[in-house]
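J.: Take a look and give me a structure for this.
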Amino acid sequence: MKEIGPHKQAEALDRKDINGRYMVMCRDCETYAHAFKIAEAETNLSLTPCIKDCQNCNQLRHSSSIKPAVPLGGTCNTLLHRCPKDGRMWWQTNIYFHLWQQVTSYAEWVALKQEQTDLWDEHNLRRLRFW
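T.: Okay, the predicted model is just below:
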């Protein structure tokens, strides 16, 4: 355990996430930072405030196929969500199992939004070609 920014009980985990990225976690607020380099994950965590989850974020963090969470103001098919209560950013990494991951890097958030926009545009273009 070590102190990383506002997080008093942070640690780098031995395992990687499903995308092969390193994870650094705060034991106090349960925030995970993901990155391909541990130093980058620690930086992302240090820029994230150490606050307890609101009810919406807590439901997203503990969502599963058994107890799926619906983000506040969204649907179960929402891919990206910014919590209106505390501003945390979330990405639904697996729609089938309703798995959500907090996004701690603003650069990653921008990339995910661009990817979602590109996929949406490609889907609409295919639909237009069909008609």
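J.: and the gap between C50 and K113?
T.: Per C-beta to C-beta, to the nearest Å, C50 is found 25 Å from K113. Placement of C-beta: from N, CA and C, glycine included.
J.: ditto for W90
T.: W90 is 12 Å from K113, by C-beta to C-beta.
J.: Among the two, which residue is more densely surrounded?
T.: For the pair W90 and K113, the greater number of neighbours falls to W90 (24 against 16), based on other C-beta atoms under 10 Å.
J.: if I look at W90 and K113, which residues touch both of them?
T.: L80 (C-beta atoms under 8 Å, 6 or more residues apart in numbering).
J.: longest strand in this structure, by residue count?
T.: strand 7-16 (DSSP state E).
J.: What helices and strands are in contact with that strand?
T.: strand 2-4, strand 22-26, helix 38-46 (3 or more C-beta pairs under 8 Å, 6 or more residues apart in numbering; DSSP states H and E).
J.: In this structure, where is pLDDT below threshold?
T.: 119-131 (pLDDT under 70).
J.: Secondary structure element for the one residue sitting closest to the centre of it, which one?
T.: Closest to where the C-alpha atoms of the chain average out (C-alpha atoms, centre = their mean) is Q102, at 2.4 Å. When secondary structure is defined by DSSP states H and E, Q102 falls within strand 99-103.
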